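Q: Sequence isn't available, so here's the structure alone:
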DNA sequence: GATTAGCACTCACTCAGAACGAGTGCTAAG
DNA sequence: CTTAGCACTCGTTCTGAGTGAGTGCTAATC
């Protein structure tokens, strides 16, 4: 069994190591923390911690550094997520409050998180949720290629290309446009697609095929939405912490650019709106991110489904602060914006 | 005066150094290149080149590496931009030909360049050019906040938020929407803004103020457009070449994320559609990119103004290949797409 | 005059050994 | 359970010798 004090020692080791990037020894612990016992006692505790694989020694006789498991215990039991300072909370409000449309809001959000945490920040685009169709626009790029533009009453604009099986002329397209708006306008995204399919019989048969294609396209759009998109900021922070990655940050950067990997990882994390989830080091090994930790939280913007935001950084990071920042921003988005 | 052969030696030095990342000495030159003279002769030539500051020695007695000036001469006089291989040209066509809308085309373009050159690729969003207004949509996010969405007949969708001085109700907004489309629809972007201003007198006075605000917003939209946006890909390539940056790549990454710096730099480069411009090392010092080179070319997509694309990398790069790739992609965009 | 062979010289790089010291692990006493 | 004491480990730093790639110069050669 690991004693109470041993855990306190673990906390001290994590804190000191995160701050100094150097293995921490028994002596420096007694110096920096008021344990009221001697270095030798601390050493005994450290021996325990090492047996439990919560800490490890890079070399036979040097200080100890936390293992992934050690960080895990630290995050789960030893850290209290201190709320942000007043100034920081203020910064969130003023910086995000000014945003106009969703694109800008998310762009600002991700930059804000990057700045608050000094880590790489990631925000996933929220899906439409219960937003309604405001307008559908069709634009012929070529006789058989139609660009469908979908505008929702929450102000989001989505576009997607439809490849038709037969050419349509401008006249027909105009008719279709009117028809589409009649059918889909005002309906929730998911309903709209169904309604379109249901109306296929009541339409000029010459148009049915085209309309069908468009209906499918819109349905896809409603479903897939933008949930497959990420906004990223703070890559410079990743480079700055490069030394904390034993391997290279190349894999991380590739994962970020790929997006798919990160989206999958996000997908596995909790959707509880008030929780901050942390995945540490090897827990992400299956994503090729065995040396990185991810701190994330879910958020919901009114009129949209739940989505996620977070940071990606080295396992050696200030979890307490990262979690506080991620939580604060997620809450701000979910709550304060929801009130309006 | 620098002799013909001296320049050939410079070429050899640049090529070998780019390939090996190591200072190149007289002996290795005679080995790798068939100059038909001895190492001592090459040494004499190298002494000349060093006097001209085209090459420099990192240490008193080691091989030589090209200076920025040396690269300059190499790029201007010594390199012939070899056309891409057939396979690569094929890749461009198949990869870009499938693109649907502009967003996707540019996203694919930038990834393609990054892959072809193994460098960080950048594409600037082209502005509207002579595209015409297809449709204007107004969406009230709040009583005094209206999201203006502009759809052009080239399939581009732009959105911008307008802050009104007085609230409008849905009814009024509907009227305005109809009015706006009557006035602006079918007009070129620039004309549309003028036409709107001109029509202010012929409108229900209660709406004039609102319409004015919207007109200004649209005008801004038409002008500013998206020329201030960059798409980036291949950050991993930057990390891979990190060792080539004596300082850190931090500054480069920051410049990329800032975008403004890069846009300014792009702005200074030639707009000649068939030219590939190269800026080397210290030539970019005023942008904080004194260790990086930029290879760029202008391109024009039908219905849009001229814009730029290019790569950013260490001064030690394969200029010949980079220039060929950048040129090929820019030409493909300008020409092949223009034919359709 | 250009080219070349020969040679002394420079200087980064590598390696081994010595000295150093932070830090542990263990033991025995409090 | 805690602590003082002490031997021991092992990474780090420093030094000096040795090595070799590569230059720069000079004098001979084409």
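A: Nice, thanks for sending it over. Computed from a prediction, not measured in an experiment: that's the story for all the values here. Residues are numbered from 1 along each chain as shown, chains lettered A, B, ... in the order given.

Q: which residue sits closest to residue A:275, ignoring its sequence neighbours?
A: Distance criterion Cβ to Cβ, 6 or more residues apart in numbering or on different chains; nearest residue to residue A:275, sequence neighbours excluded, is residue A:297 at 6.8 Å. (Glycine included, C-beta is placed from N, CA and C.)

Q: which ones are touching that neighbour?
A: Shown in contact with residue A:297 (Cβ atoms under 8 Å, 6 or more residues apart in numbering or on different chains): A:273, A:275, A:276, A:277, A:308, A:309, A:310, A:326, A:327, A:329, A:330.

Q: For the third one, give me its contacts.
A: Okay, so that is residue A:276. By Cβ under 8 Å, 6+ apart, the neighbours of residue A:276 are A:81, A:295, A:296, A:297, A:323, A:326, A:327, A:330.

Q: who's in contact with the residue nearest to residue A:58 when sequence neighbours are not counted?
A: What sits nearest to residue A:58 in space, not counting adjacent residues and going by Cβ to Cβ, 6+ apart, is residue A:23, at 5.8 Å. Shown in contact with residue A:23 (Cβ under 8 Å, 6+ apart): A:17, A:57, A:58, A:62, A:63, A:64, A:65.

Q: hang on, the earlier thing: can you tell me the element the residue nearest to residue A:275 falls in?
A: Applying DSSP states H and E as the criterion places residue A:297 in strand A:292-300.

Q: now swap in residue A:93 and tell me
A: helix A:86-97.

Q: Give me the buried stretch members for the helix or strand just after that helix, please.
A: As assigned by DSSP H and E, the chain's next helix or strand after helix A:86-97 is helix A:102-117. Judged by neighbour count (16 or more other Cβ atoms under 10 Å in any protein chain shown), helix A:102-117 contains these buried residues: A:102, A:105-106, A:108-117.

Q: quick one: residue A:194 is in a helix?
A: Yes. Under DSSP: H, G, I helix; E, B strand; the rest coil, residue A:194 sits within a helix.

Q: what about residue A:76, neighbour count?
A: By the measure other Cβ atoms under 10 Å in any protein chain shown, the count of residues near residue A:76 is 9.

Q: Using the three-state scheme, assign it.
A: helix.

Q: got a pLDDT number for it?
A: In this model, residue A:76 is scored at 94, pLDDT.

Q: Chain B contacts on the stretch 101-250 of chain A?
A: A:101, A:103-104, A:134-135, A:137, A:139, A:141-142, A:145, A:147, A:149, A:151, A:153, A:155, A:157, A:159-161, A:233-236, A:239-240, A:248-250 (Cβ under 8 Å from any Cβ of the partner chain).

Q: Buried ones from those residues, can you make that a PyMOL selection?
A: A single PyMOL command selects the buried members of those (16+ other Cβ under 10 Å):
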select buried, chain A and resi 101+134+135+137+139+141+145+147+149+151+153+155+157+159+160+161+233+234+235+236+239+249
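
Q: For DNA strand C, what's its nearest residue on the stretch 51-200 of chain A.
A: residue A:61 (3.9 Å; Cβ to the nearest atom of the strand).

Q: ok so, going back, of the residues of the stretch 101-250 of chain A next to chain B, which belong to strands?
A: A:134-135, A:137, A:139, A:141-142, A:145, A:147, A:149, A:151, A:157, A:159-161, A:233 (DSSP state E).

Q: which pair in those spans the largest distance?
A: The largest separation in these, counting by Cβ to Cβ, is between A:142 and A:233 at 36.6 Å.

Q: May I have the beta-bridge partners of residue A:279?
A: residue A:294 (DSSP bridges).

Q: Could you report the separation of it from DNA strand C?
A: 28 Å (Cβ to the nearest atom of the strand, to the nearest Å).

Q: got it, and residue A:275?
A: Counting by Cβ to the nearest atom of the strand, the gap from residue A:275 to DNA strand C is 35 Å.

Q: Show the pLDDT at that residue.
A: pLDDT, residue A:275: 88.

Q: from chain A, which residue is nearest to DNA strand C?
A: Nearest residue of chain A to DNA strand C, counting by Cβ to the nearest atom of the strand: residue A:25, 2.9 Å away.

Q: Was I right to think that residue contacts residue A:62?
A: Yes. In this structure, residue A:25 is within contact of residue A:62 by Cβ atoms under 8 Å, at 7.4 Å.

Q: These two - which one has more neighbours?
A: The neighbour count for residue A:25 versus residue A:62, taken as other Cβ under 10 Å, is higher for residue A:25 (20 against 12).

Q: Where does residue A:126 fall, secondary structure wise?
A: Counting by DSSP H and E, residue A:126 is found in no helix or strand.

Q: returning to that earlier point: would you convert the contacts of residue A:297 into JSON lines that also reports secondary structure?
A: As requested, the contacts of residue A:297 are exported to JSON lines (three-state DSSP):
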{"residue": "A:273", "secondary structure": "coil"}
{"residue": "A:275", "secondary structure": "coil"}
{"residue": "A:276", "secondary structure": "strand"}
{"residue": "A:277", "secondary structure": "strand"}
{"residue": "A:308", "secondary structure": "strand"}
{"residue": "A:309", "secondary structure": "strand"}
{"residue": "A:310", "secondary structure": "strand"}
{"residue": "A:326", "secondary structure": "helix"}
{"residue": "A:327", "secondary structure": "helix"}
{"residue": "A:329", "secondary structure": "helix"}
{"residue": "A:330", "secondary structure": "helix"}
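
Q: So how do I select the buried members of the residues you listed in ChimeraX?
A: Here is the ChimeraX command that picks out the buried ones among those, judged by 16+ other Cβ under 10 Å:
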select /A:276,277,308,309,310,326,327,329,330
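
Q: quick one: which of the contacts of residue A:297 is nearest residue B:38?
A: residue A:310 (63.2 Å).

Q: residues touching that closest one, list them.
A: A:113, A:121, A:122, A:266, A:269, A:294, A:295, A:296, A:297, A:326.

Q: thought residue A:305 was touching residue A:126?
A: Yes. The criterion here is Cβ under 8 Å, and residue A:305 meets it with residue A:126 at 5.8 Å.

Q: Would you mind telling me which of the two has more residues around it?
A: With neighbours defined as other Cβ under 10 Å, residue A:305 and residue A:126 compare such that residue A:126 has more, 26 against 15.

Q: Could you give the backbone dihedrals for that one?
A: The phi/psi pair for residue A:126 (degrees, to the nearest 10) reads phi -80, psi 150.

Q: Please report how far it lies from residue A:273.
A: 12 Å (Cβ to Cβ, to the nearest Å).

Q: what do you get for residue A:105?
A: Going from residue A:105 to residue A:273 by Cβ to Cβ gives 18 Å.

Q: ditto for residue A:310
A: Distance from residue A:310 to residue A:273, by Cβ to Cβ: 14 Å.

Q: Enumerate every residue touching residue A:174.
A: By Cβ under 8 Å, 6+ apart, no residues touch residue A:174.

Q: cool, residue A:16 as well?
A: Applying Cβ under 8 Å, 6+ apart, we find residue A:16 in contact with A:24, A:28, A:29, A:32.

Q: From those residues, keep the buried residues only.
A: Among those, those classed as buried by 16+ other Cβ under 10 Å are A:24, A:28, A:29.

Q: quick one on the thing from earlier: and the gap between the residue of chain A closest to DNA strand C and residue B:167?
A: Using Cβ to Cβ, residue A:25 is found at 67 Å from residue B:167.
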